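Trainee: The sequence isn't on hand, but the structure is:
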């Protein structure tokens, strides 16, 4: 018997289908060793030696794997093909105490029979350059978090955390927020003319925008106020309009490249409002089910086999003209991209989303994401979309002397004023890749016109506008910015965004954009002022480049850590003495403590300001500064105390639950959202699960068994 160890049970199940009874495939359930949770775990003086421990959940896993490894002829370790996967492989070898002859490392980028067979035929040793690159990142992040977090506790408030990449992400969001706050809107006006063609029937009305005055191109803010706009409007009242130039051409819209991790996360947010974390979790599931290639990549490379398969599929299903003469090849612009990997693509080009849904038991998010990946890959190898484009330049002449000189912009009576309007139109000629991967484009069919053709004037539209502040980051634009600066790598974008939300440094507004919290701004300001290197974009990007050099065997990981640690530790020691604690004098309120009657005070905590009893720790009463507003169901009475009502609440880790508004006097709580109805069987509250299934909140209720049977049918 041969033993294969992978990280996930789903991946193990998929591999077992391909390999059969000859192999036993088990899962490590991710990392089995890590730095300890309750100690620093790094020997700084001894070359930053990490002190790894078996994780709590890893103990039983290691016991099982050891027993099976003893029975196996050989142990094949088949963790993911990246630095994290390489580190997991090494940790497994260490935890299982396998010597070099007892195991082999295999890797593949797609879970297909061909790829697996090829990997088994070509085993290799563990790549310690990749392991060390991952160790360097893990140890550096532990140093920053473990050493800097207590500083934040002492100078701001207890319970705060600092992170290397996370702090830079918070800085970007905080600085954008301050740009928005400091923004002053500028007024500008736009003028457009509604016109009709006259020579060719049927006559059709169209709109042209004022683009030039006397040959000078107008920028967006050229017409600054109403007085200027009215002067031009009056000047054009009796103007004669005619076509100056007509430019016809064919334009093409090229297909987008296949997805990388970053662009997949961006598209998943833009199309489905799927968070980066959810997109990565769903992509991991699709990969482990054998539907897509490995999803943590910043490369745009595609295998020759996949290109040929795409070409065959396109020609067969859409026609030869939908595939260009040569394969479409793309080059990444991402800093430090790992070109050895492939882009994200379906494992089989001809496995359409409909076929995947019929073959696999896919959830809605899985169907959506697979369809997006499949469409993008197939489209990337299709012909461009072709448009017939038409640009028309229209001259409107104001003859000086007809009106006072100031009406023509101060011109003398002998000088005419020429206003040029521009109308642009396009119509789709050949859909090309748009047949598979629809994207937004505007079709505007202008009427046919000829040069020197007079036009019929209908009316002028004069409209006031104001410049808008820069938009807040959303998950897609933040990922795009992090990638553009070279901050983090494909595996770090999603956890970075999740972490800064969990720490309450940022939150989402009503448009799901990212906004810094009060505590997030305080932490950012302190770090920018006293630890500028930690939150410096250039420095953080440089560290990523050094991790890449470690992975390539060009740098020693311990030297990178030493170069960072010594000046960091010295600065930290100095700042403990120099930086004063933020003034957190509690503000006394008129509200009385319901337990002891003292006037409650406003305090700052890790989740922002809150009301607390000043007699703490003798009295431990605390409540939100602003009473929690029920997100729904204000009329649902609490079934336990019958005094309060059900409101939406959050745990310390920001997880949503539903509890009684009379807490702490009543501790009734539910994880799932109550519907407002009561169970016909036991009179308990009915609830709606995360999967949108309605059931009774009483787990022992017989109604749940009936509903389960109905859902299965």
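Mentor: Here it is on my side, so go on. Since we're looking at a predicted model, the values are computed, not measured. Residues are numbered from 1 along each chain as shown.

Trainee: Which neighbouring elements make contact with the helix or strand containing residue 16?
Mentor: Per DSSP states H and E: residue 16 is located in helix 9-19. Applying 3 or more Cβ pairs under 8 Å, 6 or more residues apart in numbering; DSSP states H and E, we find helix 9-19 packed against strand 2-6, strand 23-27, helix 113-121, helix 276-288. C-beta coordinates here come from the backbone N, C-alpha and C atoms, glycine included.

Trainee: tell me the mean pLDDT for the last one?
Mentor: Right, helix 276-288. For helix 276-288, the mean pLDDT works out to 94.

Trainee: packing partners for the helix or strand just after that helix?
Mentor: The helix or strand immediately downstream of helix 276-288 is helix 304-317, counting by DSSP H and E. Here helix 304-317 touches helix 364-380, going by 3+ Cβ pairs under 8 Å, 6+ apart.

Trainee: Counting neighbours, which bits of the helix it packs on end up buried?
Mentor: Across helix 364-380, burial judged by 16 or more other Cβ atoms under 10 Å covers 365-380.

Trainee: again with stretch 271-281
Mentor: 272, 274, 275, 276, 277, 278, 279, 280.

Trainee: just to revisit the earlier point, check the buried residues of helix 364-380 and tell me the two furthest apart.
Mentor: Using Cβ to Cβ, the pair of the buried residues of helix 364-380 lying farthest apart is 365 and 380, separated by 22.6 Å.

Trainee: so can I have CSV of the helices and strands packed on helix 9-19 showing distance to residue 510?
Mentor: Listed next are the helices and strands packed on helix 9-19 as CSV, based on distance: least, Cβ to Cβ, whole Å:
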stretch, distance to residue 510
strand 2-6, 42
strand 23-27, 41
helix 113-121, 45
helix 276-288, 20
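
Trainee: just checking, what packs against whichever helix in the chain runs longest?
Mentor: Secondary structure of the chain per DSSP state H: the longest helix is helix 128-155. With contacts defined as 3+ Cβ pairs under 8 Å, 6+ apart, helix 128-155 has these neighbours: strand 42-43, strand 49-50, helix 83-96, helix 164-182, helix 518-530, helix 537-551, helix 557-578.

Trainee: just how off-centre is that helix within its chain?
Mentor: 24 Å (Cα atoms, centre = their mean, to the nearest Å).

Trainee: do stretch 275-293 as well
Mentor: Computed by Cα atoms, centre = their mean, the separation of stretch 275-293 from the middle of its chain amounts to 14 Å.

Trainee: try stretch 2-13
Mentor: 29 Å.

Trainee: who touches that stretch?
Mentor: 15, 19, 22-30, 65, 68-69, 71-80, 85, 88, 92, 106, 111, 284-285, 287-289 (Cβ atoms under 8 Å, 6 or more residues apart in numbering).

Trainee: In contact with residue 250, which residues?
Mentor: 386, 387, 388, 389, 429.

Trainee: cool, and residue 451?
Mentor: So residue 451 contacts 243, 244, 245, 246 (Cβ under 8 Å, 6+ apart).

Trainee: Angles on the backbone of it, please.
Mentor: Main-chain dihedrals, residue 451, degrees, to the nearest 10: phi -60, psi 140.

Trainee: Skip the chain neighbours and tell me the closest residue to residue 26.
Mentor: residue 5 (5.7 Å; Cβ to Cβ, 6 or more residues apart in numbering).

Trainee: ok, the one you found - how many residues close by?
Mentor: By other Cβ atoms under 10 Å, the residues close to residue 5 number 27.

Trainee: quick one, domains of the protein?
Mentor: Domain assignment for the chain by automatic domain parsing gives 2-126, 136-183+471-578, 187-254+385-466, 261-380, 587-712.

Trainee: circling back to that earlier point, just the buried ones from the contacts of stretch 2-13?
Mentor: 15, 19, 23-28, 65, 69, 72, 75-80, 85, 88, 92, 106, 111, 284-285, 287-289.

Trainee: what does the helix or strand harbouring residue 590 rub up against?
Mentor: Assigned by DSSP H and E, residue 590 belongs to strand 587-592. Counting contacts by Cβ under 8 Å, 6+ apart, the residues outside strand 587-592 that touch it are 598, 599, 600, 601, 602, 611, 614.

Trainee: List of residues touching the helix or strand hosting the third one?
Mentor: Using DSSP H and E, residue 600 maps to strand 599-605. Judged by Cβ under 8 Å, 6+ apart, the contacts made with strand 599-605 from elsewhere in the structure are 156-157, 159, 519, 584, 586-593, 609-614, 621, 623, 625.

Trainee: Which of the residues you listed are buried? Put it as a ChimeraX command.
Mentor: Buried subset of those, written as a ChimeraX selection, criterion 16+ other Cβ under 10 Å:
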select :156,157,519,593,610,611,612,613,621,623
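
Trainee: Tell me which residues touch the nearest residue to residue 321 once chain neighbours are set aside, please.
Mentor: Spatial nearest neighbour of residue 321, excluding adjacent residues (Cβ to Cβ, 6+ apart): residue 383 at 6.6 Å. Neighbouring residues of residue 383 by Cβ under 8 Å, 6+ apart: 321, 322, 323, 324, 430, 432, 433.

Trainee: and residue 383, which of the three is it?
Mentor: Using DSSP: H, G, I helix; E, B strand; the rest coil, the structure places residue 383 in coil.

Trainee: Next: the one 4 residues further on.
Mentor: Under three-state DSSP, residue 387 falls in the strand class.

Trainee: ok, how many other residues are close to it?
Mentor: 19.
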